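Peer 1: Test case, fold it:
(2 chains)
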Amino acid sequence: MSTRVYVPGDSGALSLGAEAVARGIAAEAAQRGLDVTIVRNGSRGLYWLEPMVEVEIGDTRVAYGPVATRDLAGLFDAGFLQGGGHPLAHGPTAQIPWLARQQRLTCARVGVIDPADVADYERCEGFAGLRRALGMSPQEIVREVADSGLRGRGGAAFPTGTKWRTVLEQVAPQKFIACNADEGDSGTFADRMLMEGDPLSLIEGMTIAGFAVGATRGYIYLRVEYPHAHRLLTAAITSARTAGYLGSNILGSGRDFDLEVRVGAGAYICGEETSMLESLEGRRGEVRVRPPLPAVKGLFGMPTVVNNVVSLATVPVILARGAAFYRDYGVGQSRGTLPVQLAGNLRRGGLVELAFGPSLRELLYDFGGGSASGRPLRAVQVGGPLGAYLPESQFDTAVDYEALAGIGALLGHGGVVAFDDTVDMARMARFAMQFCAHESCGKCTPCRIGSTRGTELIDRIILGQDREHNLGTLVDLCETLQHGSLCGLGGMTPFPVRSALQHFPEDFGAARAH
Amino acid sequence: MVSMTTLDASARDRIDSIVAANAARPGPLLEVLHEVQREFGYVPPAAIPQIARGLNLSRAEVHGVVSFYHHFRSTPPGHHRLQICRAESCQAMQGDALAAHAEQRLGVRFGETTTDGRCTLEAVYCLGNCACSPAILLDDEPHGRVTPERLDELLTSCAVGGAAGGHG
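Peer 2: A predicted model of the protein is given here:
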């Protein structure tokens, strides 16, 4: 009988040599006359063990990693196809503490299934949510999502059910579901992992959203930096269509929904929803003035649900298990789970999905294992390039929307980037301004001009030129950016800048001034 | 052949067929530009009037879109394309040193192509591989935890010489 061996096709695993490992296993098995079936799954998110090879033995999968091609002969000699002992062996994957301690709802299938295989997806509760939705009225579906407490995981944290209700209430000849897959925040990769590891969950979520609001067409706006996600999404869309889960008369229900992938072109601003809509319409990604909201007048002027990949991929489990099941996870107004992405200078980076509420410290040390460099962690940036830098004294903050807002920070898309004590926070503040200048769409003056002036001001502060005066101007400029910008790019660039100034004044020459 | 100012008949035909295949789709311009860039390696400025005519847009609109998006090029790229992530997570893992090494080795700045046309060096802001920083794409293939030594190996394997190596 053929042994199933899983070698991730996830681009993170590929970046560490998974392709050569997969080819090497096939060649070594052939040479030894062994029968193996290689499955290219997504990544389980334990990136310090990638490429992580799993062997299926009965109902159990056992893990080996990180596997390099030079390890393969030894693994075969050790009988890894029967779960044999080896220095790279980690035992049953599900029992690896880093994974066993997680609460995977949205990402439950990522790394587990064959990404574009509908039958594999169905075996793991796939399309159970959609089947239930087919028996519900649009109002009932919207209520279920609203009752679950799901908030937008792209960063804005707007209640998903409320957005859907607004679109449902519109009367229009056409409505759209637009999935924002322009995951541009440094330190984030949950969207990518979902699209590469479980794209059918996104397709199912979008279809349910279509049923809920009366939309028959969906677009996935995917960033051009994700060619592997593009390939896997396209394959999954084809399999879903073939199996009758997309297209007209879905599962004989008389309801229609279909979708296509549109690829962005390297503009961070297109992660902002109105800029994304402009880009989907084939124009410069310039931010639109709101109102009207996209829910009222969105893509091609029609009512449009704009949701992030993680939000939409969470909808199937909410429909399959019910709103109460999902809402029971989490704290306060932050219900359910959040796929946190551990990045930067950490020993064990990767995807940690937990109910809202763990402390940053728990994530950085218990999961992340402290710094990769072995030096003390000095700062973490939570929530992408527009998120605040937090010092060690704030590491006990709980990871939920309200707790982070309470210290002037934000959760964003759930990225956590750690820096050791070699970081120069004045340079990071400068980078925040420079990034804003690089990515500004140019529509509003505070962002277009202010970001460049901000970079120059920080340059002068770093050089010690007229320090007090320039610091005062920088603080003023941050006020203008925050309150005068049209969207979050200019409006939130002050978060990293001000937090760096507040918590790390010594990097801005504070000691020199006294 | 494609030059900066004119297109030959076969290039014009190819662009016409790309435009025709996409014209009926809603909001087709980005799709058209992606296909043109896949075909030619860049969006030839001489193609802009033709694309504009085909999609019933003004030349200014098409040029405005080409110039807005970092991904679209108006000049031919090198044989190989090296994209290095310059964002925060990679900076936390010596990404700046890697970037400086790449500039020195190739003898170009970001956004430029080596004089022998072998390699274009580009900055990107996040490849979504932040648990394996610093991250790069070389000809669309991802590589993670890249050290300067590893980058040298990768460049050597696709025959991209060093600036100081006296390549011909």
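
Peer 1: tell me which residues in the longest helix seen in chain B are buried?
Peer 2: In chain B, with assignment by DSSP state H, the single longest helix is helix B:9-22. Across helix B:9-22, burial judged by 16 or more other C-beta atoms under 10 Å in any protein chain shown covers B:11, B:14, B:15, B:18, B:19, B:22. Just so you know, the C-beta spots here come from the backbone N, C-alpha and C atoms, and that holds for glycine as well.

Peer 1: Next: stretch A:134-147.
Peer 2: Neighbour-count burial for stretch A:134-147, with 16+ other C-beta under 10 Å as criterion, is recorded at A:134, A:136, A:138, A:141, A:142, A:143, A:144, A:145, A:146, A:147.

Peer 1: Present the buried residues of helix B:9-22 as a markdown table; the columns should include distance to chain A and pLDDT.
Peer 2: Output for those, formatted as a markdown table (distance: C-beta to the nearest C-beta, whole Å; pLDDT from 0 to 100):
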| residue | distance to chain A | pLDDT |
| --- | --- | --- |
| B:11 | 21 | 96 |
| B:14 | 20 | 97 |
| B:15 | 16 | 97 |
| B:18 | 14 | 98 |
| B:19 | 12 | 98 |
| B:22 | 10 | 97 |
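
Peer 1: State the mean pLDDT of stretch B:56-71.
Peer 2: For stretch B:56-71, mean pLDDT is 97.

Peer 1: Revised request: answer the last question for stretch A:57-71.
Peer 2: 97.

Peer 1: Could you do stretch A:284-295 as well?
Peer 2: Mean per-residue pLDDT for stretch A:284-295: 96.

Peer 1: same check, this time on stretch A:240-248
Peer 2: 98.

Peer 1: before we move on, what about stretch A:304-314?
Peer 2: 98.

Peer 1: do that stretch and chain B meet?
Peer 2: No. Stretch A:304-314 is not in contact with chain B by C-beta under 8 Å from any C-beta of the partner chain; minimum separation 11.3 Å.

Peer 1: before we move on, what about stretch A:34-42?
Peer 2: No. Stretch A:34-42 lies apart from chain B when judged by C-beta under 8 Å from any C-beta; the minimum separation is 13.0 Å.

Peer 1: Tell me which residues of that stretch come out buried.
Peer 2: Of the residues in stretch A:34-42, A:36, A:38, A:39, A:40, A:41, A:42 count as buried by neighbour count, 16+ other C-beta under 10 Å.

Peer 1: Quick check: end-to-end length of that stretch?
Peer 2: With C-alpha to C-alpha, to the nearest Å as the measure, the first residue of stretch A:34-42 is 24 Å from its last.

Peer 1: hmm, who's touching that stretch?
Peer 2: A:1-10, A:22, A:25-26, A:29, A:54, A:76, A:81, A:110-115, A:193, A:196-198 (C-beta atoms under 8 Å, 6 or more residues apart in numbering or on different chains).

Peer 1: Now with 6 Å, please.
Peer 2: For stretch A:34-42, the surrounding residues in contact (C-beta atoms under 6 Å, 6 or more residues apart in numbering or on different chains) are A:2-10, A:22, A:26, A:29, A:110-111, A:114-115, A:196-197.

Peer 1: thinking again about what came up before, send the alpha carbons of the longest helix of chain B over as CSV?
Peer 2: This file holds the C-alpha atoms of helix B:9-22, laid out as CSV (Å, rounded to 0.1, in the frame of the first residue of the first chain):
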residue,chain,number,x,y,z
ALA,B,9,3.7,44.8,-36.8
SER,B,10,3.8,41.6,-34.8
ALA,B,11,4.0,43.4,-31.5
ARG,B,12,1.1,45.6,-32.5
ASP,B,13,-0.9,42.5,-33.5
ARG,B,14,-0.1,40.8,-30.2
ILE,B,15,-1.2,43.9,-28.2
ASP,B,16,-4.4,44.1,-30.3
SER,B,17,-5.2,40.5,-29.5
ILE,B,18,-4.6,41.1,-25.8
VAL,B,19,-6.9,44.1,-25.8
ALA,B,20,-9.5,42.3,-27.8
ALA,B,21,-9.5,39.3,-25.4
ASN,B,22,-10.1,41.5,-22.4
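
Peer 1: helix or strand right after that helix?
Peer 2: Using DSSP states H and E, the next helix or strand after helix B:9-22 towards the C-terminus is helix B:29-40.

Peer 1: Would you mind listing the buried residues in that following helix?
Peer 2: Using 16+ other C-beta under 10 Å as the test for burial, helix B:29-40 gives B:29, B:30, B:31, B:32, B:33, B:34, B:35, B:36, B:37, B:39, B:40.

Peer 1: Confirm for me that the first one is in contact with residue A:282.
Peer 2: Right, residue B:29. Yes. With contact defined as C-beta atoms under 6 Å, residue B:29 counts as touching residue A:282 (3.4 Å).

Peer 1: Chain B against chain A: which residues are in contact?
Peer 2: Residues of chain B lying near chain A by C-beta under 6 Å from any C-beta of the partner chain: B:27-30, B:64-65, B:68-72, B:87-89, B:92-93, B:126-132, B:140, B:142-144.

Peer 1: Please narrow those residues to those residing in strands.
Peer 2: B:142, B:143 (DSSP state E).

Peer 1: of the residues of chain B next to chain A, buried ones?
Peer 2: For the residues of chain B next to chain A, a burial check counting by 16+ other C-beta under 10 Å picks out B:27-30, B:65, B:68-72, B:87-89, B:92-93, B:126-132, B:142-144.

Peer 1: For the spatially most central residue of chain A, give me its contacts.
Peer 2: Nearest to the geometric centre of chain A sits residue A:190, at 2.9 Å (C-alpha atoms, centre = their mean). By C-beta under 6 Å, 6+ apart, the contact list for residue A:190 reads A:310, A:339, A:341.

Peer 1: Which member of these is positioned nearest chain B?
Peer 2: Nearest to chain B among the contacts of residue A:190, counting by C-beta to the nearest C-beta, is residue A:341 at 6.8 Å.

Peer 1: three-state assignment of the closest one?
Peer 2: Under the three-state scheme (DSSP: H, G, I helix; E, B strand; the rest coil), residue A:341 adopts strand.
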